[in-house]
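Participant: Sequence isn't available, so here's the structure alone:
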């Protein structure tokens with residue numbers, strides 16, 4: 001899929017972003033991939049999961065963090081906020097602008 005000429009590939013939560021990055025290298029950006037069910041967990045657990053995904057992607061550019069699917073309607077807005085807060089907190093450790 002990295003050879004198709006597109007700039008990015010979207011991943012769902014079943015794909016290990018670290019393994020995907022190893023396969024595609026720098027040829028395309030990767031978008032993904034927090035399991036939307038993780039937003040039912042505590043804010044601390046959400047922070048840990050976000051950090052795990054960023055760590056698996058590794059240092060460098062070419063990562064768009066998002067959910068592997070949309071937000072479920074009954075998820076607490078505070079938990080979505082915890083995910084965004086975690087991305088803002090941990091992303092600079094891995095991705096340079």
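Facilitator: Okay, I see it. Every value quoted in this text rests on a predicted model; they were computed, and no experiment measured them. Residues are numbered from 1 along each chain as shown.
Participant: residue contacts, residue 44?
Facilitator: Residue 44 sits next to no residue when contact means CB atoms under 8 Å, 6 or more residues apart in numbering. All C-beta spots, glycine's among them, are computed from the backbone N, C-alpha and C.
Participant: Buried residues, the helix or strand encompassing it. List them.
Facilitator: When secondary structure is defined using DSSP states H and E, the element that contains residue 44 is helix 43-57. Within helix 43-57, the residues scored as buried using 16 or more other CB atoms under 10 Å are 43, 46-47, 49-51, 53-54, 57.
Participant: tell me the average confidence for stretch 9-25?
Facilitator: Over the span of stretch 9-25, the pLDDT mean works out to 91.
Participant: hmm, back to that, mean confidence score for the helix holding residue 44?
Facilitator: 97.
Participant: what distance separates it from the centre of its chain?
Facilitator: Helix 43-57 has its C-alpha centroid displaced from the chain centroid by 8 Å (CA atoms, centre = their mean, to the nearest Å).
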